[in-house]
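Enquirer: any chance you could fold what I've pasted below:
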Amino acid sequence: MNTAYADFISLWYLIVNLIGALLYRRKTGKGLYLDQAQTEAGITFLGPAILDYVVNGRVATRVGNRDPYMAPHGCYRCLGPDRWCAIAVSNDEEWEAFCRAIGQPDWTKDSRFATLLARKENEGELDRLVEEWTTNYTPEEVMFIMQASAVPAGVVQNCQDLFEDPQVKHGEHFRILQHKVIGPHAYNAPSYRLSKTPCNIWKAAPTLGEDNDYVYKEILATPTKR
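Expert: Predicted coordinates:
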């Protein structure tokens, strides 16, 4: 399990634990000792993999962009340098729509791809054939063609795409602030918007010791009110 995901799961459980402890304190006036292991919190979300090991003796391994219940499913190379588009076909209806969207070439009628099970068994060849088609189009074109046919697809965005994304621009996510060493530099704005406290960022990251005078002479020098 990747560390970031495990951290998120552990945090989610901690929130539930804290809510339970606060409710207990409200009812009894007493506190609780909370003991939580990150690994044990994460294991509860690995039910299918654990069951597969217990029943079939299979050890879960990395699957990359593939999915056990979808095919084709992956990031496919498109026209342009290092340009990709993700496509996810989850059922026969989407598979048929996918075939129509790419013009129903002869290989789409091959019995090797007639069912999900068959597509999974021949996934390497399927991915190769899908990519033969996607490399003729930009990722944006692939996405629009797929989505117009109700097939889930999305551009794999690089940094330039993120800065030019209409939704990101509309939300003013990137804020350009003047850093004393770097100069103009893009910073991530908060991902949330609160009506009363918008939490705007107004200052670039400090250089080493930049705020010492303010901290030592103004904040720490101010007598504490009791």
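Enquirer: flag the shaky bits of the chain, pLDDT-wise.
Expert: Residue ranges of the chain with pLDDT under 70: 1-6, 222-226.
Enquirer: next one: the longest helix anywhere in it to chain centre, how far?
Expert: Longest helix in the chain by number of residues, with DSSP state H as the criterion: helix 3-28. Centre-to-centre, helix 3-28 and its host chain are 23 Å apart (C-alpha atoms, centre = their mean, to the nearest Å).
Enquirer: how far does stretch 26-34 stretch from one end to the other?
Expert: 16 Å (C-alpha to C-alpha, to the nearest Å).
Enquirer: coming back round to it: can you name every helix or strand that the longest helix of the chain contacts?
Expert: In this structure, helix 3-28 makes packing contacts with helix 38-43, judged by 3 or more C-beta pairs under 8 Å, 6 or more residues apart in numbering; DSSP states H and E. Where you see a C-beta, it was placed from the backbone N, CA and C, and this is true even at glycine.
Enquirer: and the next element down the chain from the helix it packs on?
Expert: Where DSSP states H and E defines the elements, the next helix or strand beyond helix 38-43 is helix 47-56.
Enquirer: what sits up against that next one?
Expert: Outside helix 47-56, the residues that touch it by C-beta atoms under 8 Å, 6 or more residues apart in numbering are Ile43, Arg58, Val59, Ala60.
Enquirer: of all those, which two lie farthest apart?
Expert: Ile43 and Arg58 (17.0 Å; C-beta to C-beta).
Enquirer: of these two, who's got more company?
Expert: Ile43 (15 against 10; other C-beta atoms under 10 Å).
Enquirer: strand partners (parallel or antiparallel) of the helix or strand hosting Ile176?
Expert: Ile176 belongs to strand 174-179 when assigned by DSSP H and E. When pairs are called by DSSP bridges, strand 174-179 turns out to pair with strand 183-188 (antiparallel).
Enquirer: could you point out the helix or strand that follows the strand it pairs with?
Expert: Strand 183-188 is succeeded, C-terminally, by helix 212-213 (DSSP H and E).
Enquirer: which helices and strands sit right next to that following helix?
Expert: Partner elements for helix 212-213 (3+ C-beta pairs under 8 Å, 6+ apart): none found.
Enquirer: can you tell me the helix or strand for Asp161?
Expert: Assigned by DSSP H and E, Asp161 falls in helix 159-164.
Enquirer: follow-up on the earlier one: so how far is the strand holding Ile176 off the chain centroid?
Expert: 25 Å.
Enquirer: give the buried residues for that strand.
Expert: Within strand 174-179, no residue qualifies as buried by neighbour count (16 or more other C-beta atoms under 10 Å).
Enquirer: would you mind writing the CA trace of it as PDB?
Expert: The C-alpha trace of strand 174-179 is given here as PDB (Å, rounded to 0.1, in the frame of the first residue of the first chain):
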ATOM      1  CA  PHE A 174      -2.200  29.200  -9.000                       C
ATOM      2  CA  ARG A 175      -1.100  32.500  -7.400                       C
ATOM      3  CA  ILE A 176       2.000  34.300  -8.600                       C
ATOM      4  CA  LEU A 177       3.900  35.900  -5.700                       C
ATOM      5  CA  GLN A 178       7.200  37.600  -5.600                       C
ATOM      6  CA  HIS A 179       9.900  35.500  -3.900                       C
END
